[in-house]
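Engineer: Provide a 3D model corresponding to the input given below.
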Amino acid sequence: MAKAIMIQGTMSNAGKSLVAAGLCRIFYQDGFQVAPFKSQNMALNSWITKEGLEMGRAQVVQAEAACTEPVAAMNPVLLKPSSNTGSQVIVNGVPVGNMPASVYYQYKKQLIPEIKKAYDLLAANYDIIVIEGAGSPAEINLKENDIVNMGVARMADAPVLLVGDIDRGGVFAQLYGTVALLEPEERARVKGLVINKFRGDKSLLESGLRQLYQLVSIPVTGVIPWVDVDIEDEDSLGGHLEGNKRKALLDAAVIRFPKISNFTDFQAMAAHPCFQVRYVSSVRELGNPDLIVLPGTKNTAEDLLWMRQNGLEAEIQKAAASNKTIFGICGGFQMLGEWIEDPKEVESSLAVNGLRGLGLLPVRTVFGQEKVRTRVSGAFGTVGGILWGLSGLKLEGYEIHMGETVRSVPPLSFVMESQSDSHLAKMDGCQKGNVYGTYIHGIFDGDGICDALSQALLREKGLSPQEKASVSYKDYREAQYNKLADAVRQNLDMTAVYEMMGIDQKEIGKR
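Structural biologist: So this is what the prediction gives:
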C-alpha cells in the first residue's frame, strides 16, 4: 500500500492545492509514482477523464504535476454549486442529483464506503498519495461525519501538514487556533506547520516561530514564499478571475457570470503575450475590447437573465452589430442562441416555458436529464468571419453540459468522442458573422490556436502580425510545475516530510 501525506489548511484558499501540486511534482522528480486525492471537492471548474467521468480540476492539475493520468478515483465526490444553498452532487464521476446543503449533510455518510474504495484503488497502484483537505479541519459545527479532513487522514493513517496563509494576516492565530480546536487524536496527526505566501525577510518570523512551537509543540516544517506561478485555480477564490493585469496589444473581456464555470478555459489566452484578459461583470467594466467571451456557467438561464438585467446583454448585441468578435463556450454558446428551454427544471425553473437568448447564433437549446460528459479531438472546419485563420487547426478538449443544441448553419468544428467505449464523430458549435460558439472546453489550449486567434484580431485592428508564442501551452505548464516544485523543495524541510511519511531517504530515486 502507498505511503500518504495530507495537506490541510487553516481556511479556504490558504494554498493547499498548490502545496499539494508542488509535492506531487517533487515526489515524481524523486522517482516515485504519485497520485493526488481529495475525497470531496466543491468547485465549478471540472474536467472529463478518458472514461467520460467528471472530476475536480484541482486534482487534474495535481495529477499533471505528478505526470500521471487523472482518474475519477482521485476525486470521488465533486459538488458543483447551482445556487447559494445547493449543489449538483457527482459521485465517482457521475451526477446523482441536485441537493440542498441540509439534505447533502445527511446523505454524505453514505459516501464513506465510496471514498474508501477510491482511496484503496489508488493506494494499491501508486507509491505515494498526496491528499488534500478542504476548508479547515477545525469547523467544529461540521466535524461530525467528516469525510474530507481528519476523517480521511484517519482512514489513510496519514500525517498532516497544516498550511496557514500569512498573506491575509493573522497566520500565528490561524495555526494556533486550528490546532487548539482539534481533538487530541487529531492533533497528534499534525506533524508539521507550514506558513504559506510569505513576502519579506524570514528572519523577522523567528521569534514568532519559537513561540508557536512552545504553544503547540508542532514544528514549523516550512515557510514558503509567495510564488509567482501560473497554475490553474480550484475556484473563484483564486487570483485568476482578476485577469492577467498586463498591457497587451489585444484586450479580451470574459463575462464574469455569477455562476461562472471552467474559467480555466482562458489561461492559455492569458499566458499568450498578445492578450490582456479581463473578467468583467458590468457595462462600465466592459469598455471596448477586441474580443468578448461568454464562458461556461452552472446555471445558463439565471446568468442570462443577470446579463439582461444589468445591461451587458444589450452591449454585447451592439458589439455584434458593429462586427466585434464574440465567442461563447458551453453555457455562453447556449446564451448566444435564439431560444433556451428547460422543461424538466434540470438547471432552473426560469426556462421551463422557454427563454429568449441573445439571438446572435441560429441555434436552439433544450435541457434534458442526461449530462454530456466526453473528451473530444478533431479540427476546426471552414471558419468564416474574422477568425478564418482557425480553419483546419487541430483541437482537443472536453464537453460537460446538460443541454442539446440544434443549429441551422454549418458547424464550427468536427470532432470525435474519445472515451474507450465510444468513437462517435460529430459536429460542434457554429458561427454567424463574427459570432462563434462551441461546447468544447479547452478549445484555446491547442498548439497554434491562440497564435491564430491573435493574428486574426490584430489584422482586424489594423496592426501588424506579431511573432508566435515561443513555447506551446503544454510546455509552458510544465515549466510552471517545475518552478513551483523548486520553490516548495527549497523552503519545505523535505527530509522531515519523508520521515513523517515513513519513507527512507535511501528509497529516493530508486523506484
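
Engineer: and the next element down the chain from the one helix or strand R489 maps to?
Structural biologist: Assigned by DSSP states H and E, R489 belongs to helix 473-491. Moving toward the C-terminus from helix 473-491, the next helix or strand (DSSP H and E) is helix 494-501.

Engineer: how about that next one: buried residues?
Structural biologist: Buried residues in helix 494-501, counting neighbours by 16 or more other CB atoms under 10 Å, are found at 494, 497-498, 500-501. Quick note: C-beta positions are derived from backbone N, CA and C, even for glycine.

Engineer: Pull the residues that contact it.
Structural biologist: 3-5, 23, 26, 128, 159, 161, 191-192, 219, 221, 504-505, 508 (CB atoms under 8 Å, 6 or more residues apart in numbering).

Engineer: then it to PDB, C-alphas only?
Structural biologist: The C-alpha trace of helix 494-501 is given here as PDB (Å, rounded to 0.1, in the frame of the first residue of the first chain):
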ATOM      1  CA  MET A 494      11.700  17.500   2.700                       C
ATOM      2  CA  THR A 495      13.800  15.400   4.900                       C
ATOM      3  CA  ALA A 496      11.200  15.900   7.700                       C
ATOM      4  CA  VAL A 497       8.400  15.300   5.200                       C
ATOM      5  CA  TYR A 498       9.900  11.900   4.100                       C
ATOM      6  CA  GLU A 499      10.500  11.000   7.800                       C
ATOM      7  CA  MET A 500       6.900  11.700   8.800                       C
ATOM      8  CA  MET A 501       5.700   9.500   5.900                       C
END
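
Engineer: picking up where we left off before, D251: which of the buried residues of helix 494-501 is nearest?
Structural biologist: For these, the closest approach to D251 (CB to CB) belongs to M494, at 42.9 Å.

Engineer: what does the model give that closest one for pLDDT?
Structural biologist: M494 is assigned a predicted lDDT (pLDDT) of 97.

Engineer: gap between it and A73?
Structural biologist: Per CB to CB, to the nearest Å, M494 is found 26 Å from A73.

Engineer: cool, and G243?
Structural biologist: Look at G243 and A73: by CB to CB, they are 34 Å apart.

Engineer: try E460
Structural biologist: 46 Å.

Engineer: Between these two, point out the one with more neighbours.
Structural biologist: Shown here are E460 and A73; by other CB atoms under 10 Å, A73 has more neighbours (23 against 18).

Engineer: quick one, helices of the stretch 51-200 of the chain?
Structural biologist: 57-65, 101-107, 112-123, 150-156, 171-180, 184-189 (DSSP state H, counting those that start in this stretch).

Engineer: list the buried ones in stretch 19-28?
Structural biologist: 19-28.

Engineer: wait, what's in contact with I329?
Structural biologist: Applying CB under 8 Å, 6+ apart, the residues contacting I329 are 262, 265, 293-296, 437-441, 443.

Engineer: same deal with V163?
Structural biologist: V163 sits next to 7-10, 14-16, 19, 194, 196 when contact means CB under 8 Å, 6+ apart.

Engineer: cutoff 6 Å now
Structural biologist: By CB atoms under 6 Å, 6 or more residues apart in numbering, the contact set of V163 is 9, 14-16, 19, 194, 196.

Engineer: With secondary structure added, can I get the residues you listed in JSON lines?
Structural biologist: Below are the contacts of V163 laid out as JSON lines (DSSP: H, G, I helix; E, B strand; the rest coil):
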{"residue": "G9", "secondary structure": "strand"}
{"residue": "A14", "secondary structure": "coil"}
{"residue": "G15", "secondary structure": "coil"}
{"residue": "K16", "secondary structure": "helix"}
{"residue": "V19", "secondary structure": "helix"}
{"residue": "V194", "secondary structure": "strand"}
{"residue": "N196", "secondary structure": "strand"}
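
Engineer: Buried ones only from the residues you listed, please, as a PyMOL command.
Structural biologist: Applying 16+ other CB under 10 Å to the contacts of V163, the buried members can be selected in PyMOL as follows:
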select buried, resi 9+14+15+16+19+194+196
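
Engineer: of the contacts of V163, closest to E183?
Structural biologist: Of all the contacts of V163, E183 sits closest to G9, with 18.0 Å by CB to CB.

Engineer: How much space separates that closest one from R154?
Structural biologist: In terms of CB to CB, G9 sits 18 Å off from R154.

Engineer: tell me how far the lengthiest strand in the chain is from the chain's mean position?
Structural biologist: Longest strand in the chain, counting residues (DSSP state E): strand 363-380. Offset of strand 363-380 from its chain centre (CA atoms, centre = their mean, to the nearest Å): 20 Å.

Engineer: buried ones in that strand?
Structural biologist: 363-367, 371-376, 378, 380.

Engineer: which residues of this structure score low on pLDDT?
Structural biologist: Residue ranges of the chain with pLDDT under 70: 233-240, 419-423, 467, 470, 510-511.

Engineer: Which strand or helix spans the residue located most distally from the centre of the chain?
Structural biologist: Relative to the mean C-alpha coordinate of the chain, counting by CA atoms, centre = their mean, the farthest residue is Q214 (38.4 Å). Per DSSP H and E, Q214 falls inside helix 206-216.
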